[in-house]
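Peer 1: Show me the folded form of this:
(chains A, B, C and D)
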2 protein chains.
Amino acid sequence: MSEVIALFTRASKLLRGAADRAVSQHGVRLGQNLVLEVLWESDGLTPGEVAQRLHVSTPAMVQAATRMEAAGLLTRRRDPDDARLVRLYLTEHARSIREPMQAARAELHRRATARLSPDELRHLRSALTKIIQEFAEDPPDEDHAAEDSQG
Amino acid sequence: MSEVIALFTRASKLLRGAADRAVSQHGVRLGQNLVLEVLWESDGLTPGEVAQRLHVSTPAMVQAATRMEAAGLLTRRRDPDDARLVRLYLTEHARSIREPMQAARAELHRRATARLSPDELRHLRSALTKIIQEFAEDPPDEDHAAEDSQG
DNA sequence: GGGATGTCATTAACTAGTTAACGATAACGC
DNA sequence: GCGTTATCGTTAACTAGTTAATGACATCCC
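Peer 2: Model prediction:
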């Protein structure tokens, strides 16, 4: 049908597949690397906090944590001050793969934008941001925002 | 991180959620409407054929067919000429919701592109097509292609 | 015509997400 | 201090996708 949403779906799936293959080389599954990226920045978050940052439900994060625990990527520890809370701590191994994983992410980004001119890339970011704004209640994650700044 | 891939993922998820809510009103789940759209056009395809058109695996389509059969949306019938094949036929009910479902899809499209100028929309389609070309072995579904023709 | 090969759908086991229900623990009100 | 309420993580049941293994049926070739 070649309409925007169909193109979007297709591109999204292809990107997802490429990302999965990329991170799999380091024994990590797609989605797990997003958790890693959050915890590399701030270790010891709770499942709920990570879920919120990744825009997924808490149960999804709990299940991911269980798998990642089994894979030796993180450990759960009860918060000593509030026994309702669980805190997620990365293992030494998870910290050790930070560099190569980030290199893989950079390479994926390079490839995704390979056929786009800087101008097209700027347009794309702008369009994506507008779509996000249309559908999100929360504003679209303005770390150092993409708005119209041609970073 | 506000980089293109992150924006992409976020937009994709939001679009997916909006699409799910839209089709749910008609008792259909996300993904099922894609199957419906294929079968509305050509009823009686095999699971493998539908899977190929939707770029999903055959088992995924088989499972979707099972759920859709349980939901009264389609029936399976063995091909009389080749007993390996199963053919999927829509029920009367599935055919009856074609119009409202397509209206919902149009509305979703309208909303997704609400904040984009025609020029931005054209840029977006072009960029998405280029990303698809970068990652797909198959060319990106050229029904009446989006390439650079400013339809 | 009958055995090797190919082509289907299906099942199994998995990742990954959802909502709803549950259970433990804090925190608040009195 | 103790019951109610709120806040966590977890589990359960589901949709939706993947790859790998099965099994039924065609086809090819001899």
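Peer 1: And the helices in chain A?
Peer 2: Assigned by DSSP state H, the helices in chain A fall at A:4-24, A:32-41, A:47-54, A:58-70, A:92-96, A:98-112, A:118-135.
Peer 1: What are the buried residues along the shortest one?
Peer 2: This points to helix A:92-96. Applying a neighbour-count criterion of 16 or more other CB atoms under 10 Å in any protein chain shown, one finds residue A:94 buried in helix A:92-96. Where C-beta positions appear, they are placed from N, C-alpha and C, glycine not excepted.
Peer 1: returning to what we had before: Throw the helices of chain A into TSV and include mean pLDDT, thanks.
Peer 2: Listed next are these as TSV, based on pLDDT from 0 to 100:
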stretch	mean pLDDT
helix A:4-24	94
helix A:32-41	96
helix A:47-54	98
helix A:58-70	97
helix A:92-96	96
helix A:98-112	94
helix A:118-135	94
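Peer 1: Using CSV, lay out those helices together with distance to residue B:78.
Peer 2: Formatted as CSV, the helices of chain A follow (distance: least, CB to CB, whole Å):
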stretch, distance to residue B:78
helix A:4-24, 31
helix A:32-41, 42
helix A:47-54, 45
helix A:58-70, 38
helix A:92-96, 51
helix A:98-112, 43
helix A:118-135, 43
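Peer 1: right, and those - which one's nearest residue B:85?
Peer 2: helix A:4-24 (26.5 Å; CB to CB).
Peer 1: Show residues contacting that closest one.
Peer 2: The contact list for helix A:4-24, computed with CB atoms under 8 Å, 6 or more residues apart in numbering or on different chains, reads A:29-30, A:32-33, A:101, A:104-105, A:107-108, A:111-112, B:5, B:8-9, B:11-12, B:15, B:19, B:55, B:105, B:108-109, B:112-113, B:121, B:124-125, B:128-129, B:131-132, B:135-136, B:140-141, B:146.
Peer 1: how about a cut-off of 7 Å?
Peer 2: For helix A:4-24, the surrounding residues in contact (CB atoms under 7 Å, 6 or more residues apart in numbering or on different chains) are A:29-30, A:33, A:101, A:104, A:108, A:112, B:5, B:8, B:12, B:15, B:55, B:108-109, B:112-113, B:121, B:124-125, B:128-129, B:131-132, B:135-136, B:140-141, B:146.
Peer 1: and chain A, which residues reach DNA strand C?
Peer 2: Contact residues, chain A versus DNA strand C (CB under 7 Å from any atom of the strand): A:29-32, A:55-57, A:59-60, A:63-64, A:67, A:82-84.
Peer 1: quick one: the one residue sitting closest to the centre of chain A and chain B, what's the gap?
Peer 2: The residue lying closest to the centre of chain A (CA atoms, centre = their mean) is residue A:34, at 3.3 Å. Counting by CB to the nearest CB, to the nearest Å, the gap from residue A:34 to chain B is 8 Å.
Peer 1: show me the contacts for that residue.
Peer 2: Contacts of residue A:34 by CB under 7 Å, 6+ apart are residue A:54.
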